[in-house]
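**Student:** Build me a model from this:
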Amino acid sequence: MDRIVIVGGGISGLSLAYAILEREPSAELTIFESGKKPGGKIWTEKVDGFLCEGGVNGFLDNKPKTIELSLKLLLNPLRSSDAARQRYIFSDNRLHLLPESPVSFFTSNLMSLYGRMRIIYEMFAPRGTADDESLAEFAKRRLGKEAYEKLIDPMASGIYAGNPETLSLKSCFPKIYELEKKYGSLIRGMISLQKDARKTGKGKVGAGPGGVLTSFYDGMGMVIDSLKKSLAAKLMTGSKVTAVEKKGKGYAVHLSDGSIVESEVLVLAAPAYSASEMLKGFDKRLSSVIAEIPYPAVSVVCFGYKKERISHQLNGFGFLIPYREKSKLLGTLWDSSIFPNRAPEGYVLLRSMVGGARASGLAMQDDTRLADTVAEELKNIMGIKAQPDFVRIYRHEKAIPQYNIGHSNRLKAIDELLSKHRGLYLTGNAYRGISLNDCIENSYKLAESIIQKEGG
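**Tutor:** Residues are numbered from 1 along each chain as shown. Next comes the predicted model:
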C-alpha cells in the first residue's frame, strides 16, 4: 500500500489512522500533530480532584462506530445519570424544566399559551421554498417566533455556539430538513416515523439526534490516550506542517523544522483554517474555499464548590440560555450531576460556556474578568453567592466550525477541487458533522475509500 501521511492528531486524524491500520496493519503511515499532545478539542485534566473537560464532554450512544471503537480500545463507555435527562432553559428570569413529552410541553409555563398553540399550527404551515435557509428562518416559519427564541436558539448555542440567524438548517440538522421535504410537516413526519417504528419494533424515534450522553469514568481524554498508545511511534507530536506541494505522483509535506516528508497519500485532518494555510501555495482556490468556514471563540470555565455552599439541587444536566435573555453565558452544565468522578467527595463541579458566534469577544477576556463574568451570571441565574473553591479556564480562540448558509455548496466546491488531486483528502469536523460520532464515522468511511482507491 502507498505511504500515507495524516496531518492533524485530533480525533479525526487518530481514528482514521486506527481504522486504516485495522484493515491494513502493514500500512506505512505517519500522523503529524503540531501540538505537544494529541486530541484537539478533546482535552481532559484532573486537577485537585476535579475532572475537567476543556472541550468535548461526551458523545451520544446512538452511533455504533464510537461504541465499537471504544470497546476495541478496551474502554468501558459510561452512560450519564438518570438525573441528566432533566435539562433546563433559563427564560424570563427563571430556570424552566425542558418538557420531555407532548403532555409536559403543553402544561409547561416555559412558553405562553399562544406560543404553545402556534406550534400546533406547524402541521398546516406551508413548506419552505428555499434550498438552503437559516435555522432561524425555518424555526420562525414552522414553529413561530416564541418557540424559535426559547427552544431553537438555545439549542443552536448549545451545540454549535452559533448564531441561528446564519446557521444552515440543511447542513446543521439534515434530519429535520429532510422531514419537512418528505412530509411537509415535522409533526406529521414524526407521527409517520413513529407508526413505522412500532411496526418494525425499532423503538423510539425523534427529530433530534437521540441517544444517551456517554463518556468514560476518567473522561473523554481516555479515547485519545488509548489511540495514542495504540498508534505508538506512528504519531509525531510537536511536528507542525507548514506547506504541501506536488512531488511526482505524490506529495511533499514541509515541516516547521525544515524537514520534508514525501507520501503518495496525504490526508489533512487539521482544522479548516490550518488546512487552508498549508494549501495556499499548492491550490489557492481550494485554500480560499476552505478558509470561508468560520470558527468563533469559546471559553470553558470550570467552577468547583463545596456542596453545602450551593443551595440549588443540581438535579439535572444543566441549562442553556436564549439570546433574548442577554446573558453573558451560553449555558452551564452541572458536570458532577451528569457523570461520577467529576468532583472530590463533598464538592460539585459546574462547567460554563462563554462566547460563541455572537459574543466571541467575551471568550477572550483575561482569566480574572472571565471568572468574574461567570460568577456574576451564576449568582443571577442560580443564586450562587459564594466564590468558587476551584477555578479552571480553557480558552479556544477558534472553537467550533460554523455550518452557515451555503455550507453545502462549499462542500461541493471542495469536492470538485479535490477531485483534481489524486491521493489528497480532507477530513475533520469542519465539513460533514461536528460531533465526535460524526468524526469517527467519517474516519471509517474515509479509511475504506483510501484502501479501495490507493491500496493497490
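**Student:** longest helix of this structure?
**Tutor:** helix 436-454 (DSSP state H).
**Student:** and that one, what other elements does it pack with?
**Tutor:** With contacts taken as 3 or more CB pairs under 8 Å, 6 or more residues apart in numbering; DSSP states H and E, helix 436-454 sits against helix 11-23, strand 59-60, helix 64-72, strand 265-268, strand 424-426. Backbone N, C-alpha and C define where each C-beta goes, glycine included.
**Student:** Can I get those in a markdown table including mean pLDDT, distance to Ser299 and mean neighbour count?
**Tutor:** Listed next are the helices and strands packed on helix 436-454 as a markdown table, based on pLDDT from 0 to 100; distance: least, CB to CB, whole Å; neighbours: other CB atoms under 10 Å:
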| stretch | mean pLDDT | distance to Ser299 | mean neighbour count |
| --- | --- | --- | --- |
| helix 11-23 | 97 | 21 | 24 |
| strand 59-60 | 96 | 22 | 21 |
| helix 64-72 | 96 | 26 | 17 |
| strand 265-268 | 98 | 27 | 26 |
| strand 424-426 | 98 | 28 | 21 |
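**Student:** Which one, of the ones you listed, ends up nearest to Ala130?
**Tutor:** Nearest to Ala130, of all the helices and strands packed on helix 436-454, is strand 424-426, at 27.2 Å by CB to CB.
**Student:** wait, what's in contact with Ser230?
**Tutor:** When the contact criterion is CB atoms under 8 Å, 6 or more residues apart in numbering, the partners of Ser230 are 18, 73.
**Student:** again, but for Arg142
**Tutor:** 122, 125, 180, 185-186.
**Student:** what about stretch 229-242, how long is it end to end?
**Tutor:** 26 Å (CA to CA, to the nearest Å).
**Student:** Flag every buried residue along it.
**Tutor:** The neighbour-count check on stretch 229-242 (16 or more other CB atoms under 10 Å) flags 230-231, 234-236, 239-241 as buried.
**Student:** now do stretch 444-454
**Tutor:** For stretch 444-454, by 16+ other CB under 10 Å, it's 444, 446-447, 450-451, 454.
**Student:** and the gap between Gln402 and Ser336?
**Tutor:** Distance of Gln402 to Ser336, given as CB to CB, to the nearest Å: 30 Å.
**Student:** what's the answer for Leu16, then?
**Tutor:** From Leu16 across to Ser336, the span is 34 Å (CB to CB).
**Student:** Next: Arg358.
**Tutor:** Remark: distance between Arg358 and Ser336 (CB to CB) = 29 Å.
**Student:** ok, those two, which is more surrounded?
**Tutor:** Between Arg358 and Ser336, counting by other CB atoms under 10 Å, Ser336 is the more crowded of the two (23 against 16).
**Student:** hang on, that one is in a helix, isn't it?
**Tutor:** Yes. The assignment for Ser336 is a helix, going by DSSP: H, G, I helix; E, B strand; the rest coil.
**Student:** For it, give me the pLDDT.
**Tutor:** On the pLDDT scale, Ser336 is placed at 97.
**Student:** ok, back up a step: with neighbour count, distance to Lys249 and pLDDT as extra columns, can I get the contacts of Arg142 in TSV?
**Tutor:** Conversion of those to TSV gives the following (neighbours: other CB atoms under 10 Å; distance: CB to CB, whole Å; pLDDT from 0 to 100):
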residue	neighbour count	distance to Lys249	pLDDT
Glu122	17	55	93
Ala125	17	55	92
Glu180	21	46	93
Ser185	19	53	92
Leu186	19	50	92
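**Student:** Among those, which lie within helices?
**Tutor:** Among those, the members falling in helices (DSSP H) are 180, 186.
**Student:** So for stretch 303-323, what gets flagged as buried?
**Tutor:** 303-305, 310, 314, 316-323.
**Student:** Now the element after the lowest-mean-pLDDT helix or strand in the chain, going C-ward?
**Tutor:** Within the chain, confidence by mean pLDDT, DSSP states H and E is lowest for helix 102-107 among all helices and strands, at a mean of 80. Using DSSP states H and E, the helix or strand that follows helix 102-107 towards the C-terminus is helix 113-120.
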